[in-house]
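**Q** Can you look at this prediction? I've put the sequence above it.
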Amino acid sequence: MRTAIATVCLSGTLSEKIEAIAAARFKGVEIFENDLLSFNGTPADVRRMVEGHGLETITFQPFRDFEGMPEPQRSKVFARAERKFDVMQELGCDLLMVCSNVSPDSLGGIERAAADFRELGERAEKRGVRVAFEALSWGRHIHDYRDAWEVVRRADHPAVGLVLDSFHILARGTDLAAIRSIPADKIFLVQMADAPRLAMDYLSWSRHYRCFPGQGDLLVDEFMLALNATGFNGLLSLEIFNDRFRAGSARSVAVDGHRSLIVMLDELRRRTGTASPDLPALPPKAICSGVEFVEFAIDERGAVEFERTLGRLGFRKAGIHRSKAVTRWRQGGINIVVNADKEGFAHSFNITHGTAVCALALRVDDAPGAVDRAVALLDQPFQQPVGPGEMTIPAVRGLGGSLLYFVDNKTGLDRLWDVDFQAVDTDDAAGAGLKAVDHVSQSMHYEEVLTWLLFYTSLLEVRKTPVQAVIDPGGVVQSQAIETADGALRFILNASQSQRTLSSRFLNDLFGSGVQHIALSTDDIFATVEQLRANGVDLLPIPDNYYDDLEVRTDLSADEVARLRACHILYDREGAAEYFQVYTGTLEGGFFFEIVERRGYQGYGATNAPIRLASQTLLTSMAAPPEM
Ligand SMILES: O=C(O)c1ccc(O)c(O)c1
Ligand SMILES: [Mg+2]
């Protein structure tokens with residue numbers, strides 16, 4: 001299949017869009033008419049620009065309100081089409097995309113529409129171009145691809161073909177079976193789009209919420225299976241109307257687009273064996289079994305205080321790096337790396353962002369394979385010099401310029417603690433019972449969420465949860481998790497459009513997107529809290545009203561509620577499953593820890609989030625951050 005992207009997907013001027021499309025290594029582009037109309041130059045100039053970037057204009061679109069017009073509009077519509085053929089000849093483009101008529105003046109009738117297309121085909125052929133018909137899901141008479149196909153079939157003209165747009169088909173839930181019997185050579189263009197499931201009219205949904213395949217909830221892979229059954233090997237183009245993409249970076253959105261197609265076509269190859277000639281088979285998605293370490297970039301002065309905090313949380317210094325000012329802190333299966341070195345990646349990260357998480361390492365089945373997959377997906381691999389005898393841990397650039405490392409036991413990378421670190425203490429008897437990283441919560445700009453959602457879901461064997469709207473005292477935060485089926489890896493992606501939420505204020509303080517909090521698990525949260533208190537850790541206070549409500553809302557006994565209240569523990573329940581959460585105060589840089597105990601519970605305590613956010617807001621609006 002020849003892949004392409006429509007200019008309408010991206011922000012910027014036409015030249016910025018073309019540059020971004022070429023930089024993302026596409027070969028084809030759909031020129032959206034508005035982008036041409038707003039371009040200060042001739043269609044021939046556009047052609048030079050497109051070809052100068054090594055691209056080809058695969059279609060010019062949309063041509064609107066064509067079929068089924070009564071006279072005198074009918075004659076005018078044909079005259080208008082002739083003018084567009086002129087433009088296409090200058091553009092060097094041979095395909096005009098016609099979308100179904102929405103005009104109240106239009107008349108129905110498959111045969112009438114077919115006759116119009118037959119005549120349009122005659123005219124197109126004379127000009128050496130072709131036309132392709134798309135059923136808009138809100139078309140006045142034609143809004144079903146099966147009707148559009150019937151029009152094309154009856155038009156029975158070599159210059160007339162069909163457009164299949166996955167959004168219009170999947171949004172309406174139209175049966176995909178009929179796709180399988182359409183002759184592949186009559187499908188002139190396939191437009192790909194996904195979208196989140198929303199209860200909304202088709203037009204608004206399509207014009208504002210489309211997204212790249214894999215970012216939404218539509219059954220794009222089922223669509224591809226049906227398409228594949230035709231033997232289709234033609235033009236496959238992304239056509240996304242999305243408000244966030246329009247506000248985002250054209251370059252990064254274009255790369256996301258290409259990444260989504262690579263993943264989608266690889267998934268098709270996996271399911272059907274149909275390989276795309278220009279797409280090498282990707283290594284499989286990385287199977288994650290947890291977070292191996294969390295690395296903080298910190299300066300020397302900050303490191304002393306931070307290490308004291310880790311000690312109070314029950315961590316013990318377990319290793320000192322052999323060549324760098326880096327220490328390993330350990331508790332249960334959790335490793336925290338404190339990097340105060342004056343050179344290298346962490347140092348520059350600290351200069352830009354202050355005290356912050358600069359890297360996460362994931363335990364995977366095959367670390368080199370994960371990076372190979374990442375490279376094939378147009379992610380950015382990362383390497384920096386290491387000391388003699390030290391290990392090179394494969395990594396890619398992640399959120400906010402941070403790193404995502406991959407560690408496995410297949411290639412011995414799990415020996416890193418022995419190889420790179422001098423052990424100082426392996427005794428964690430005095431710990432606070434913390435066992436593992438339960439989840440990592442990352443805050444990002446609203447326009448970036450779909451980028452990072454695709455980044456993680458394309459690289460790792462994870463699923464995404466539905467988006468939750470969480471109420472913060474400063475606005476609404478959209479929160480979505482990606483997680484492995486067994487819960488060994490859980491990341492939360494948070495973003496809000498308000499500048500006043502805790503999430504947005506964190507972004508401003510950090511000068512970028514990053515890890516705002518890490519939740520650590522315990523098997524006995526009451527014992528953990530007792531130990532933390534004995535160590536002098538201040539826990540986030542929770543209002544009494546919350547516990548009063550808990551008493552009437554749940555079947556917890558008064559004693560149980562009193563115990564939660566005394567420990568500042570938040571509680572949630574799903575059937576018989578229970579969840580307990582407690583928060584530390586906020587550290588320098590706006591980062592904090594959460595401690596959780598899951599008793600069969602799979603969520604993240606969404607009902608408690610507004611309570612917690614309000615308490616944190618109250619504290620951060622006070623003069624000084626609380627001591628931990
Ligand atoms: O929203 C629209 O008008 C529109 C235009 C062209 C398309 O290909 C499409 O799917 C929708
Ligand atoms: Mg379309």
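**A** Okay, I see it. Ligands and ions are numbered 1, 2, ... in the order given.

**Q** Now the residue in the stretch 151-300 of the chain that ligand 2 sits nearest to. Nearest residue, chain neighbours left out?
**A** Relative to ligand 2, the nearest point of the stretch 151-300 of the chain is D165 (3.6 Å; CB to the ion). Placement of C-beta: from N, CA and C, glycine included. Spatially, and ignoring its direct neighbours in sequence, D165 is nearest to Q191 (4.1 Å; CB to CB, 6 or more residues apart in numbering).

**Q** Tell me which strands the helix or strand hosting the one you found pairs with, and in which orientation.
**A** Using DSSP states H and E, Q191 sits within strand 187-192. Here strand 187-192 has these sheet partners by DSSP bridges: strand 160-165 (parallel), strand 235-238 (parallel).

**Q** Beyond the longest one, next helix or strand please.
**A** Translated: strand 160-165. Trace forward from strand 160-165 with DSSP H and E and the next one is helix 166-171.

**Q** Can you name the next helix or strand after the stretch of helix or strand E594 belongs to?
**A** Element membership for E594 (DSSP H and E) is strand 592-599. Using DSSP H and E, the helix or strand that follows strand 592-599 in sequence is helix 609-620.

**Q** And that next one, how far out from the chain middle?
**A** 27 Å (CA atoms, centre = their mean, to the nearest Å).

**Q** same for that helix, what does it pack against?
**A** strand 468-472, strand 475-483, helix 502-510, strand 577-583 (3 or more CB pairs under 8 Å, 6 or more residues apart in numbering; DSSP states H and E).

**Q** In terms of mean pLDDT, which of those ranks lowest?
**A** Looking over those, mean pLDDT reaches its minimum on helix 502-510, with a mean of 88.

**Q** Show me which parts of that one are buried, residue by residue.
**A** L502, S503, S504, R505, F506, L507, D509, L510 (16 or more other CB atoms under 10 Å).

**Q** still on that earlier bit, would you quantify the distance from the residue of the stretch 151-300 of the chain closest to ligand 2 to ligand 1?
**A** Taking CB to the nearest ligand atom, to the nearest Å as the measure, D165 falls 5 Å from ligand 1.

**Q** Show me the domain layout of the chain.
**A** Domain segmentation of the chain under automatic domain parsing yields 2-272, 288-428, 432-623.

**Q** what's the closest of the ones you listed to D278?
**A** domain 2-272 (8.4 Å; CB to CB).

**Q** what's near enough to touch the residue of the chain found nearest ligand 1?
**A** Residue nearest to ligand 1 within the chain (CB to the nearest ligand atom): P62, separated by 3.8 Å. Counting by CB atoms under 8 Å, 6 or more residues apart in numbering, P62 makes contact with F32, E33, M97, V98, C99, E134.

**Q** Reformat those as a markdown table; add distance to P284.
**A** Shown next, in a markdown table, are the contacts of P62 (distance: CB to CB, whole Å):
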| residue | distance to P284 |
| --- | --- |
| F32 | 36 |
| E33 | 41 |
| M97 | 36 |
| V98 | 41 |
| C99 | 38 |
| E134 | 35 |
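
**Q** which of those are close to ligand 1?
**A** C99, E134 (CB under 6 Å from any ligand atom).

**Q** Buried residues, stretch 269-279. List them.
**A** R269, T274, S276, L279.

**Q** Can you pull the residues of the stretch 201-350 of the chain lying near ligand 2?
**A** For the stretch 201-350 of the chain, the residues in contact with ligand 2 (CB under 5 Å from the ion) are E239.

**Q** can you pull out the helices in the stretch 201-350 of the chain?
**A** Taking DSSP state H, counting those that start in this stretch as the criterion, the stretch 201-350 of the chain contains helices spanning 202-209, 220-229, 243-247, 250-272, 300-312, 344-353.
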